[in-house]
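Asks: Starting from these lines, generate the structure:
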Amino acid sequence: MSFVSRTRLPALATVAVLAFGVACPTVAGTLPMAVNGEPLPSLAPMLAKVSPAVVNISSTSHRKVAVNPFFSDPIMRQFFGLPMVPPRELVEQSLGSGVIVNARDGYILTNNHVIAGADQIKVTLTDGKTYAAKLIGADPQTDIAVIQIKAPGLVALPLADSAKLRVGDFVVAVGDPFGLGQSATSGIVSGLGRQGLGRNSFQNFIQTDASINPGNSGGALVNLAGQLVGINSMIYSPSGASAGLGFAIPSDLAADVMRQLIAHGKVERGSLGVEAQDLTARVAAALGIKAASGALVTNVLPDSPAAKAGLKPGDLVTSVNGRPVTDAQDLRNAQGLAPFGSTLALGIDRAGKALTIDARLTALSGQAAGASLDARLAGATLEDTSAAGARGGVEGVVVSHVVPHSQAARNGLVAGDVLVGINNVATPNLAQLRRVFALHPRVLVLTLVRHGQVLRIQARG
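Replies: Next up, the predicted model:
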């Protein structure tokens, strides 16, 4: 069965290349040097300029894991008379790629999943020199990270306008697949605006048939002018190797995220303040909606941009800034990928009448009171954080404070817990957490990570 695969490569993996001792005749299939007196075109001159800007990234993370849950649980130890066994340290290493985009300041673009949870990052240039890197910031929701090195004579890639890409344009992927050393593969742009892949919250992938393999993550996708059009991120493959379906994050999106990470260390996103669901045939028939697709607004938060713009529950969002909206994910993408503070022109179907409503994106609240989400969490303060990677690579919502003797405290929450799921639904951020609670779950089972251990708690009222 096919699956989406990240292209990060474990650094300790070994690749064996076998040569079989079978005599084979030489096949005279080499290309001629020229045709009709004209030399054949070559990518070599362009790659000679691009290659020094593409680097190898190795990251190392240390985390403590329990040898056995029974030995780490004080209740189980007391009940069974078991000795205390300290957790052991697990060292994880991985390899990926990166692209130098600012030679003066040493800024390098890569994927968040290449460096997530790392406490040591090293960058190796094409000349073989290795430098310690500093993490400037990471954004798990777009899988972009920025690191920095201090080194002389760096070469940077210029960024292209990825919005001008067309299906059929030639592209070249450059990176360090399988840890073999820098490699280049060529192909075309096979598709644009791909979504619904992997765990990223906001997606707008470039699809290419240029081979992307494990270790290529964070590497460069360039046009024939040697300009950066994308950051290689993942593949779609039944085997884990390239199957001609590679995906890259557009350079325009990567650049927007990079600017915020450099300026603030995090990405500040805007929100319309709406909850929406996919339009299904059954829902459309029940509501008398003739449209076949769109994002159906189910809730509008008070005093939100959507409320101020006049959006109402029951409205069907069919487009944003002229681009079609086919489902709720399209609407979330439009909000998450648009520049903070920008105005979105929403195409609306309201009871069969077409409207255009302008709404300005305002800041997402970085904190939420537990009581505002559910009475069973009263007394807890929940904090949205893109620093989940700084918490052992765990994506979730941090419980930053719990009032003593509150309902949240009685339900077992403690400060420092990372809430990663509710009722088996992942909650990588506060926005997703709000979406889950918008369904008013009757039973509330919280999945938490506490000191590296996964806990499940049923919260009661």
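Asks: Look at the nearest residue to I121 once chain neighbours are set aside and report its pLDDT.
Replies: In space, and not counting its chain neighbours, I121 is closest to A133: 4.2 Å by CB to CB, 6 or more residues apart in numbering. Glycine gets a C-beta too; all of them are placed from N, C-alpha and C. With respect to pLDDT, A133 scores 93.
Asks: Ok, R410 next?
Replies: 91.
Asks: hmm, back to that, now do the contacts for the residue nearest to I121.
Replies: Going by CB atoms under 8 Å, 6 or more residues apart in numbering, A133 touches I57, I108, I121, K122, V123, I147, Q148, I149.
Asks: again with L135
Replies: Per CB under 8 Å, 6+ apart, neighbours of L135: I115, A118, I121, A145, V146, I147.
Asks: Identify the farthest-apart pair in those.
Replies: Farthest-apart pair in the contacts of L135 is A118 and V146; separation 13.7 Å (CB to CB).
Asks: Would you map the helices across the stretch 101-250 of the chain?
Replies: 112-115 (DSSP state H, counting those that start in this stretch).
Asks: pull the longest helix from the chain.
Replies: helix 251-264 (DSSP state H).
Asks: List the buried residues of that one.
Replies: Under the neighbour-count criterion of 16 or more other CB atoms under 10 Å, helix 251-264 has S251, D252, L253, A254, A255, D256, V257, M258, Q260, L261 buried.
Asks: Now flag whichever of those is closest to G310.
Replies: Nearest to G310 among the buried residues of helix 251-264, counting by CB to CB, is D256 at 28.3 Å.
Asks: Just give the closest residue to the closest one, not the sequence neighbours.
Replies: In space, D256 is closest to P339, 6.5 Å off (CB to CB, 6+ apart).
Asks: Okay, and that neighbour sits in which element?
Replies: Following DSSP states H and E, there is no helix or strand that holds P339.
Asks: For it, give me phi and psi.
Replies: Backbone torsions of P339, given as degrees, to the nearest 10, read phi -60, psi 140.
Asks: can I assume it is in contact with R259?
Replies: No. Applying CB atoms under 8 Å, one finds P339 not in contact with R259, separated by 9.7 Å.
Asks: can you pull out the strands in the stretch 351-461 of the chain?
Replies: Secondary structure of the stretch 351-461 of the chain by DSSP state E, counting those that start in this stretch: the strands cover 353-360, 362-363, 367-369, 380-383, 397-402, 418-422, 425-426, 444-450, 453-459.
Asks: Of those strands, which is nearest P324?
Replies: Closest of those to P324 is strand 353-360, at 13.5 Å (criterion: CB to CB).
Asks: Contacts for that closest one next, please.
Replies: Counting by CB under 8 Å, 6+ apart, 270, 272, 305-306, 308-311, 341-349 sit against strand 353-360.
Asks: Parallel or antiparallel, list what pairs with that strand.
Replies: strand 343-350 (antiparallel) (DSSP bridges).
Asks: Could you check the strand it pairs with and say which residues are buried?
Replies: Result for strand 343-350 [16+ other CB under 10 Å]: buried residues L344, L346, G347, I348, D349.
Asks: hmm, who's touching that strand?
Replies: Contacts for strand 343-350 (CB under 8 Å, 6+ apart): 272, 289, 291, 294, 309, 311-312, 314-322, 325, 334-335, 338, 354-361.
Asks: try stretch 286-294
Replies: 279, 283-284, 296, 314, 316-318, 324-327, 349, 352.
Asks: Go again with 6 Å.
Replies: Residues from elsewhere that reach stretch 286-294, judged by CB atoms under 6 Å, 6 or more residues apart in numbering: L279, L316, V317, T318, V325, T326, D349.
Asks: Domains of the protein: list them as residue ranges, please.
Replies: 47-148, 162-264, 270-363, 367-459 (automatic domain parsing).
Asks: Next one: A210 from V101, what distance?
Replies: Remark: distance between A210 and V101 (CB to CB, to the nearest Å) = 20 Å.
Asks: do A408 as well
Replies: Counting by CB to CB, the separation of A408 from V101 is 43 Å.
Asks: low pLDDT regions in the stretch 51-200 of the chain?
Replies: For the stretch 51-200 of the chain, residues meeting the criterion pLDDT under 70 lie at 62-94, 196-200.
Asks: Next, give phi and psi for the spatially most central residue of the chain.
Replies: In the chain, the centroid-proximal residue (CA atoms, centre = their mean) is D143; its distance is 2.9 Å. Phi and psi for D143, reported as degrees, to the nearest 10, are phi 60, psi 40.
Asks: That one contacts N112, correct?
Replies: Yes. Counting by CB atoms under 6 Å, N112 is a contact partner of D143 at 4.8 Å.
Asks: for the residue nearest to G187 when sequence neighbours are not counted, what are its contacts?
Replies: Distances taken as CB to CB, 6+ apart place A210 nearest to G187, at 3.3 Å, with adjacent residues excluded. Neighbour list for A210: V171, A173, T185, S186, G187 [criterion: CB under 6 Å, 6+ apart].
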